[in-house]
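> with the input below, show me the fold.
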Amino acid sequence: MCVIRGAGYILAHVPDMVISCGTTQTTERAVNPDSSYLSDIGAALRGYDDAVRYTPNQVYIGAKDPECLRGVDLPWFDKPCSDATRYGKFGEIMPQDEFLLLMRACDTFDLVQLVDIFVSETVPKLRESNAIDADIISLIGDGAPYEEVSALIESSGAQALYHHGSIVGCVKRAHDIDKNLSAHVMLENIASKASAVAALIHGLRTSGVSKSEIEYVIDCSEEACGDMNQRGGGGLAKSIAEIAGLSNATGADLRVYCAAPAHAIIQAAALVKASVFKASAVTAGGSTAKLGMNGKDHVKKGMPVLEDVLGGFSVIISQNDGISPEIDLDVVGRHTVGTGSSPQAVISSLVSKPLEKAGFKIQDVDVFAPELQNPDITKPAGAGDVPMANYKMIGALAVSIGEMPKENLSNFIDKHGLTGWAPTQGHIPSAVPFMGFAREWILEGKIKNAFFIGKGSLFLGRMTNLFDGVSFLVKPNSGASANANNSNEDAVRKVVADAMRKVAEELSGDADE
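Numbering: from 1, shown residues only. As a prediction, this is how the structure comes out:
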C-alpha cells in the first residue's frame with residue numbers, strides 16, 4: 001500500500017522574467033521589436049503585494065480554500081484578498097529578489113552571478129524564510145561587483161537578471177557553441193530547479209517525513225536538461241534532491257508534457273507499493289517560457305499580466321502509515337495508442353473505464369481533479385474555462401452511459417467539480433494543485449475520495465499526433481498500518497534466522513562426529 005503523506009506548493013513572483021524570459025515576449029522582441037505591446041507591458045506588471053493578494057494564488061499555497069472562489073464573478077484580479085499572507089499551510093509566494101538568491105544557491109557550476117550589493121541586501125530577508133535553511137543560504141556566496149556582471153552580459157553572452165527593472169545579476173552560458181547550454185536555457189533550467197527545491201522543502205514540511213527517509217525523487221517539470229549529445233538527458237531530479245539535502249535519495253526525470261505529474265505519481269506510488277523504495281517524492285518546478293503566455297490579450301483588455309509567477313509542487317508518497325489517504329492503483333485510467341483523440345474517447349478512457357472496472361460509477365467519486373487552470377487567465381485569452389469544460393464532458397459521459405439523468409447535469413459540476421485556481425504553467429495545473437486539499441479533506445471526512453486526471457498533447461514534440469493521459473483514485477486509508485507489516489516482516493526474519501541457526505548447529509554437530 002502507498003499513501004500521500006503531504007504536498008508542497010510554491011509560487012515565485014518574477015515580473016521581470018516575464019519580459020526577459022517569457023516566450024511570448026522574447027518572440028515579440030525578435031519579430032516586432034517596436035510593438036506597442038512591448039512598450040505597454042511594463043505598466044501592466046503587478047507588484048509583489050498585488051500578487052500575494054490575488055485570491056487564486058492564496059488558494060494555490062493553501063492559505064484559502066478552493067470553495068472561496070465558487071460563485072465569485074470574474075474577473076478576480078480586481079477583488080484583492082484582504083487577509084492575504086505570504087505563507088499558506090502548503091507553501092509560499094516567494095518574492096523575486098529572494099528567488100534570485102535561491103537560483104544562485106541551486107547553481108553548482110558558477111553560472112549564476114549576482115551583484116554583491118544586491119546579495120548583501122537580500123540575504124537577510126531570505127534568512128527569515130520558514131523554508132530555506134542556513135545550509136542552502138551558505139551556497140549563495142558574496143556576489144560580484146556590478147562591473148564584472150555587466151561585462152559578462154555585454155561581451156560573454158550572459159543573460160541579464162533584473163529586479164525592479166535594474167540589472168542585479170546574470171546567468172552565463174555553460175558552453176561556447178552548444179545551444180542546449182546557452183545562457184537562456186541554463187536560466188530556464190536553474191529557475192525550474194530552484195522552484196522545485198522550494199516546493200520539495202515545503203512538501204517535506206507538511207508531510208512530517210524526514211529528508212533521510214526519501215529514497216527516490218521524480219522530477220516531472222517541462223524543462224529537459226542536457227547537452228548537444230543528449231538534449232534531454234536528465235538529472236534535474238537528483239540535482240533537486242542534492243540541494244534540498246536528501247542525501248539518501250536517487251532519482252530520475254519524467255517528461256510527458258501536461259500529463260507528467262499524473263504519470264510520475266503513479267510511478268512513484270507503484271515503486272513504493274512494490275517496496276522498491278519506502279518513501280519517494282514527486283516534484284516539479286516552474287517554466288519561465290510560460291510567463292506572460294497570454295500577456296498580449298491581458299494587456300489589450302486593460303488587465304494586469306496575471307502569468308507573472310513560476311509554479312512548483314511536490315507530493316510525498318510513502319509506505320502505509322495507517323492514517324494518510326491511499327493512492328488506489330487498482331483504479332488507474334490510461335489513454336492508450338488505440339483510444340482515439342475525440343473528447344468522448346479521451347474522457348471515457350480516463351474516467352468511466354477505470355471506474356467501471358473497479359466497480360464504481362462516475363457519481364461515486366466525490367471530487368474530480370482535472371486540469372485546474374485559472375479561468376481569470378484563460379477566458380480573456382479565448383481559451384475558455386478549462387476545468388468547467390472538463391466537468392461538462394465528465395457529466396455528459398455519465399448521462400450518455402445511463403448513470404445519470406440529463407436534468408442532473410447542471411448539478412453535477414457543483415457537486416463533483418472545482419473552480420480552477422492554478423497558474424497556466426503547463427504541467428502545474430494538471431490535477432496536482434488539489435492534492436494537498438484532497439489529503440486534508442479525506443482525513444477530515446469531508447470527502448470519501450478524489451479522482452485525479454492528467455492529460456497531455458504529445459503532438460507538440462512533432463513525433464506523433466497522439467493525445468496522452470492517465471488517471472488515478474485517492475481514497476481513505478484502509479487501516480492496515482505499516483507497523484503491522486513491519487511486525488510481520490520481523491516475525492518472518494526471526495523464523496528464517498532460527499531455522500538457519502538450527503541448520504548451522506546440525507552442521508556443526510555433523511562436523512564434530
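> element containing residue 267, please.
According to DSSP states H and E, residue 267 maps onto helix 260-273.
> next SSE downstream of that helix?
Next along the chain after helix 260-273, taking DSSP H and E as the criterion, comes strand 279-284.
> got the buried residues for that following strand?
279-284 (16 or more other Cβ atoms under 10 Å). Heads up, the C-betas are built off the backbone N, CA and C, glycines and all.
> pLDDT weak spots in the protein?
Residues of the chain that meet the criterion pLDDT under 70 lie in 480-513.
> how about a cut-off of 50?
481-500, 502-513 (pLDDT under 50).
> can you give me the strands in the chain?
Ranges of strands in the chain, per DSSP state E, are 2-13, 91-94, 112-114, 159-163, 166-171, 216-219, 250-253, 279-284, 309-319, 326-334, 367-369, 450-457, 467-475.
> and of the ones you listed, who's closest to residue 397?
strand 367-369 (11.0 Å; Cβ to Cβ).
> what's across from the most centrally placed residue in the chain in the sheet?
In the chain, the residue lying closest to the centroid (Cα atoms, centre = their mean) is residue 313, at 3.3 Å. Beta-bridge partners recorded for residue 313 (DSSP bridges): residue 9, residue 284.
> tell me the contacts of it?
Taking Cβ atoms under 8 Å, 6 or more residues apart in numbering, we find residue 313 in contact with 7-10, 199, 203, 261, 283-284, 428, 432-433, 435.
> ditto for residue 29
So residue 29 contacts residue 38 (Cβ under 8 Å, 6+ apart).
> can you tell me how far residue 469 sits from residue 417?
The gap separating residue 469 from residue 417 is 18 Å, by Cβ to Cβ, to the nearest Å.
> tell me which of the two has more neighbours.
residue 469 (27 against 20; other Cβ atoms under 10 Å).
> burial count for the nearest residue to residue 152 once chain neighbours are set aside?
Sequence neighbours aside, residue 158 is the residue nearest to residue 152 in space, at 4.1 Å (criterion: Cβ to Cβ, 6 or more residues apart in numbering). When neighbours are defined as other Cβ under 10 Å, residue 158 has 23 of them.
> same check on residue 117?
Look at residue 117: counted by other Cβ under 10 Å, it has 12 neighbours.
> and the helices in the stretch 51-200 of the chain, which stretches?
55-60, 96-105, 116-127, 134-137, 146-155, 183-207 (DSSP state H, counting those that start in this stretch).
> OK, contacts around residue 13?
Each residue near residue 13 by Cβ under 8 Å, 6+ apart is listed here: 46, 48, 51-52, 93-96, 99, 308-309.
> and which of these is nearest to residue 464?
Nearest to residue 464 among those: residue 309, at 31.5 Å, using Cβ to Cβ.
> what residues are up against the nearest residue to the closest one once chain neighbours are set aside?
Leaving aside its sequence neighbours, residue 309 sits nearest to residue 11 (Cβ to Cβ, 6+ apart; 4.3 Å). Neighbour list for residue 11: 51, 57, 60-61, 91-94, 309-312, 423 [criterion: Cβ under 8 Å, 6+ apart].
> residue 11 and residue 306, how far apart?
Applying Cβ to Cβ to residue 11 and residue 306 gives a distance of 12 Å.
> check residue 7 too.
Using Cβ to Cβ, residue 7 is found at 23 Å from residue 306.
> please work out which residues outside stretch 389-396 touch it.
Applying Cβ under 8 Å, 6+ apart, the set of residues contacting stretch 389-396 from outside is 343-344, 347, 351, 362, 368, 370-371, 404, 409, 412-413, 416-417, 453.
> any idea how far it is from the middle of the chain?
Chain-centre distance of stretch 389-396: 24 Å, with Cα atoms, centre = their mean, to the nearest Å.
> alpha carbons of it, in CSV - could you do that?
C-alpha atoms of stretch 389-396 as CSV (Å, rounded to 0.1, in the frame of the first residue of the first chain):
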residue,chain,number,x,y,z
ALA,A,389,-15.2,22.2,-19.9
ASN,A,390,-13.7,19.0,-18.4
TYR,A,391,-16.5,18.7,-15.9
LYS,A,392,-19.2,19.2,-18.6
MET,A,393,-17.6,16.3,-20.5
ILE,A,394,-17.5,14.1,-17.5
GLY,A,395,-21.1,14.9,-16.6
ALA,A,396,-22.2,14.3,-20.2
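> nearest spatial neighbour of residue 272, chain-adjacent residues omitted?
Per Cβ to Cβ, 6+ apart, closest to residue 272 is residue 2, 4.2 Å.
> run a quick neighbour tally on that neighbour.
25.
> isn't it right up against residue 321?
No: with contact defined as Cβ atoms under 8 Å, residue 2 does not reach residue 321; the gap is 10.4 Å.
> and which of the buried residues of strand 279-284 is nearest residue 388?
Nearest to residue 388 among the buried residues of strand 279-284: residue 284, at 24.6 Å, using Cβ to Cβ.
> what about the closest one, distance to residue 32?
Counting by Cβ to Cβ - residue 284 and residue 32 are separated by 32 Å.
> which ones are touching the residue nearest to residue 125 when sequence neighbours are not counted?
Distance criterion Cβ to Cβ, 6+ apart; nearest residue to residue 125, sequence neighbours excluded, is residue 98 at 5.8 Å. By Cβ under 8 Å, 6+ apart, the contact set of residue 98 is 122, 125-126, 129, 132.
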